[in-house]
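**Student:** Below is the structure, and that's it, no one-letter string:
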Ligand SMILES: [Zn+2]
């Protein structure tokens with residue numbers, strides 16, 4: 001199986017200080033996440049590593065209206081400076097015609113936990129380019145199972161706003177790359193609903209989006225991810241959410257997976273993109289499901305059995321003790337079932 005590595009990961013090390021104040025919040029999204037995954041996969045002969053390649057800016061800019069804002073704000077930052085959008089205009093506000101100050105960031109952002117640093121644009125772009133590299137391999141037929149080791153994650157970044165530690169939506173960028181050539185199904189298995197991905201395609205009938213996640217009435221992103229969200233306009237019927245209660249274990253989780261794979265078989269896409277999060281593990285510091293390390297092999301097999309060309313984009317997963325093994329099990333399950 002092909003593993004796409006970013007070309008700059010260690011540069012992404014934000015402080016996340018704003019949310020709970022300085023020193024009160026241990027940073028979860030660290031470069032060690034990538035290191036531990038790489039280590040787990042490099043011990044296996046099955047995984048071949050490739051460096052992501054660069055793509056023209058337009059591949060990302062055309063679907064993210066805040067692309068220039070993130071790029072320009074990052075350019076203005078000094079080393080070690082972090083800017084948190086913290087002023088949100090709300091509905092009906094008078095918006096400026098030209099956005100030329102970092103202060104206007106609230107127009108483009110959902111929250112005050114997604115800071116912009118000097119290297120933020122570079123790392124977010126490289127993360128999306130990892131997904132694009134994988135999509136290009138699928139499209140050219142160079143591979144039919146590709147894992148993009150994206151960081152930062154992308155699934156909370158939408159077509160209007162970024163947020164939730166996500167800047168550019170890696171899975172959506174890959175889907176946009178593939179769409180002129182066929183149809184795409186996306187399944188998000190992160191513990192948190194993939195609100196950005198859903199919003200990108202909720203009116204697009206050539207993309208089927210789905211997400212299995214913790215019930216948003218108890219968990220981030222709170223305002224998205226309910227089962228009645230089934231798509232809009234031309235896209236009615238092209239979104240399926242599986243909100244599950246905290247404490248969900250493998251049997252109930254697999255039932256949700258099978259409801260989704262049934263929809264995907266009906267939709268019969270050209271490609272499948274998995275937004276794979278591993279914060280569903282029982283010992284994840286910010287999760288709340290009851291999945292064990294070995295369960296990810298079983299879950300991977302369910303998706304592998306669809307026998308579609310698959311791009312996997314890394315999303316969450318914050319327990320460094322188990323993350324590498326969870327990813328390895330999931331990818332091995334995908335491969336085993338084909
Ligand atoms: Zn998550």
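**Tutor:** Structure received. Computed from a predicted structure; not experimentally measured. Residues are numbered from 1 along each chain as shown.
**Student:** For the stretch 201-338 of the chain, which segments count as helices?
**Tutor:** Along the stretch 201-338 of the chain, the segments classed as helices by DSSP state H, counting those that start in this stretch run 250-267, 295-304, 323-336.
**Student:** I'd like these as a markdown table, with mean pLDDT and distance to residue 171 appended.
**Tutor:** Yep, even glycine has a C-beta here, placed from its N, CA and C like the rest. Listed next are the helices of the stretch 201-338 of the chain as a markdown table, based on pLDDT from 0 to 100; distance: least, Cβ to Cβ, whole Å:
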| stretch | mean pLDDT | distance to residue 171 |
| --- | --- | --- |
| helix 250-267 | 98 | 15 |
| helix 295-304 | 98 | 14 |
| helix 323-336 | 98 | 15 |
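**Student:** Can you give me the neighbour number for the residue of the chain found nearest the ion?
**Tutor:** Using Cβ to the ion, the closest approach of the chain to the ion is made by residue 316 at 3.1 Å. Per other Cβ atoms under 10 Å, the neighbour tally for residue 316 reads 27.
**Student:** Now do the contacts for it.
**Tutor:** Residue 316 makes contacts with 153, 190, 191, 192, 277, 278, 279, 286, as judged by Cβ atoms under 8 Å, 6 or more residues apart in numbering.
**Student:** With residue 52 instead?
**Tutor:** 4, 5, 6, 7, 126, 129, 130, 132, 133, 148.
**Student:** redo that, cut-off 6 Å
**Tutor:** Residue 52 sits next to 4, 6, 7, 129, 130, 133 when contact means Cβ atoms under 6 Å, 6 or more residues apart in numbering.
**Student:** Same question for residue 280.
**Tutor:** Residue 280 neighbours (Cβ under 6 Å, 6+ apart): 191, 287, 289, 291.
**Student:** If we use 7 Å, what do you get?
**Tutor:** 189, 191, 287, 289, 291 (Cβ atoms under 7 Å, 6 or more residues apart in numbering).
**Student:** which of the residues you listed are close to the ion?
**Tutor:** Contacts with the ion within the contacts of residue 280, counted by Cβ under 5 Å from the ion: residue 191.
**Student:** Which pair of the contacts of residue 280 spans the longest distance?
**Tutor:** Put simply, by Cβ to Cβ the two of those set farthest apart are 189 and 287, 11.8 Å from each other.
**Student:** With respect to residue 266, which of the contacts of residue 280 is nearest?
**Tutor:** residue 189 (19.6 Å).
**Student:** Quick check: that closest one vs residue 198, distance?
**Tutor:** 14 Å (Cβ to Cβ, to the nearest Å).
**Student:** The two: which has the busier surroundings?
**Tutor:** residue 189 (30 against 25).
**Student:** residue contacts, that one?
**Tutor:** 212, 274, 275, 276, 277, 280.
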